[in-house]
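Got a predicted structure plus its sequence, pasted below:
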Amino acid sequence: MPLSGFFAKLFGGKPRVDLWRRFERMRESVTGTMSQFYKVREIKTGTVLGLKIIDHEKSDPVEGRYRGLKKPGEGAIGTLITGDNIAKTLEWGESTTGDSYILLEFIPGTVLHTVMSARETFPPAQRLDLVRQAAAAIATVHNAGFIHRDICPRNLMLRPDGRLVLFDFGLTVPDQPSFRQPGNRIGTPSYMAPEVVRRRPIDKRIDIFSFGVTAYEICTLDMPWPRVSGGKAALRHDSPSRDIREFWPDIPPLLAAAIMACISADPDNRPPSMEKFLERIAGVTI
């Protein structure tokens, strides 16, 4: 059975949805790593939503690695991860044309990567706030029993009200031994933990590493290692990183030390959880 048919079975007999009779496009699609994303309006209610349609040609090779392990699909995972800093998954299923879809709340705002690419420095207090919000989002994922595996600014949305929201659970897996085996180089290279690159066993500390790189970038608009393109970026993560104080000399010492610990090449030197990271910076004020 092709994987698309396999995942259709996971929908448990849900009726197929005629997406383009139910919704009208408000914006043309945005292409993601394994999907197309649309801003849509539900015709019956007028509600504005996000509609993600999975590209099985791209997702099946990734999902195929977990055949036989009863891995839940992205939509099912999303419904199990809920919190103030998490994009809400509202519905998931299969369309009348056989496409897997996920219906999400529509989050107004700008992708964090886009904001930082404009090279406009965040005020110090906002840097601290964004770091805390990102940490809280990842803690929510871990407490729900999952490893995100692609924490980076491209998967964080900054709302106009200042709230940071984590989205995209396309690479997320249950935090269980069968899904923590070495071998899958999954994620965004510049944010990828050394143990992923070296094909070693992994756990939720790969997200803590990726968070550390993201937090470093939020605080400095730069990266712990000199920027290089493509997969070569991840190969540098075993080597010493540049101290964050080179780019922000006045960073509070507790915040600097906590972020630098997150990007340690040795997972044992990283905070063991996002809660522990948040505890380390609990007393930081700017």
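Happy to help now that I have it.

C-alpha from now on. contacts and neighbour counts both.
OK.

Lowest-scoring secondary structure element of the protein by mean pLDDT?
helix 3-9 (a mean of 45; mean pLDDT, DSSP states H and E).

next helix or strand past that one?
Downstream of helix 3-9, the first helix or strand assigned by DSSP states H and E is helix 19-22.

mean confidence score for that following helix?
Taken as a whole, helix 19-22 carries a mean pLDDT of 96.

Just give me the residue closest to the centre of the protein.
In the chain, the residue lying closest to the centroid (C-alpha atoms, centre = their mean) is residue 151, at 4.0 Å.

residues contacting it?
187, 191, 207, 210, 211, 214 (C-alpha atoms under 8 Å, 6 or more residues apart in numbering).

what helix or strand is it on?
For residue 151, there is no host helix or strand (DSSP H and E).

between the contacts of residue 151, which is nearest residue 248?
residue 214 (14.9 Å; C-alpha to C-alpha).

can you list the domain ranges for the protein.
3-105, 110-280 (automatic domain parsing).

I'd like to know which of those is closest to residue 286.
Closest to residue 286 of the domains of the chain, according to C-alpha to C-alpha: domain 110-280, at 5.5 Å.

Pull up the distance across that closest one, start to finish.
Terminal residues of domain 110-280 lie 29 Å apart, using C-alpha to C-alpha, to the nearest Å.

Likewise for stretch 165-177?
End-to-end distance of stretch 165-177 (C-alpha to C-alpha): 28 Å.

residues touching residue 206, list them.
Per C-alpha under 8 Å, 6+ apart, neighbours of residue 206: 149, 192, 193, 195, 196, 267.

now the strands for this protein?
Here the chain has its strands, by DSSP state E, at 23-31, 35-42, 48-54, 89-94, 100-105, 110-111, 146-147, 156-158, 164-166, 173-174.

and the ones you listed, which one is worst for confidence?
Lowest mean pLDDT within these: strand 23-31, a mean of 84.

which other helices and strands contact that one?
The helices and strands touching strand 23-31, judged by 3 or more C-alpha pairs under 8 Å, 6 or more residues apart in numbering; DSSP states H and E, are strand 35-42.

Okay, angle between the strand it packs on and strand 100-105 too, please.
Angle of strand 35-42 versus strand 100-105, following axes from the mean of the first three to the mean of the last three C-alpha atoms, to 10 degrees, is 60 degrees.

Neighbouring strands - and their directions - for strand 35-42?
With DSSP bridges as the test, strand 35-42 is paired with strand 23-31 (antiparallel), strand 48-54 (antiparallel).

any idea how far it is from the chain center?
19 Å (C-alpha atoms, centre = their mean, to the nearest Å).

which helices and strands sit right next to the longest helix seen in the chain?
Ordering each helix of the chain by length in residues (DSSP state H) puts helix 124-143 first. Using 3+ C-alpha pairs under 8 Å, 6+ apart, the elements in contact with helix 124-143 are strand 164-166, helix 205-220, helix 274-280.

repeat that with 10 Å
helix 74-80, strand 146-147, strand 156-158, strand 164-166, helix 205-220, helix 253-262, helix 274-280 (3 or more C-alpha pairs under 10 Å, 6 or more residues apart in numbering; DSSP states H and E).

quick one: which of these is nearest residue 126?
Set against residue 126 and scored by C-alpha to C-alpha, the helices and strands packed on helix 124-143 come closest in helix 205-220, at 9.1 Å.

so where's the protein uncertain?
Along the chain, the parts satisfying pLDDT under 70 run over 1-13, 31-33, 58, 60-62, 229-235.

quick one: contacts for the residue of it positioned farthest from its centre?
No residue in the chain sits farther from the centre than residue 44, which is 31.5 Å out by C-alpha atoms, centre = their mean. Residue 44 sits next to 21, 22, 23 when contact means C-alpha atoms under 10 Å, 6 or more residues apart in numbering.
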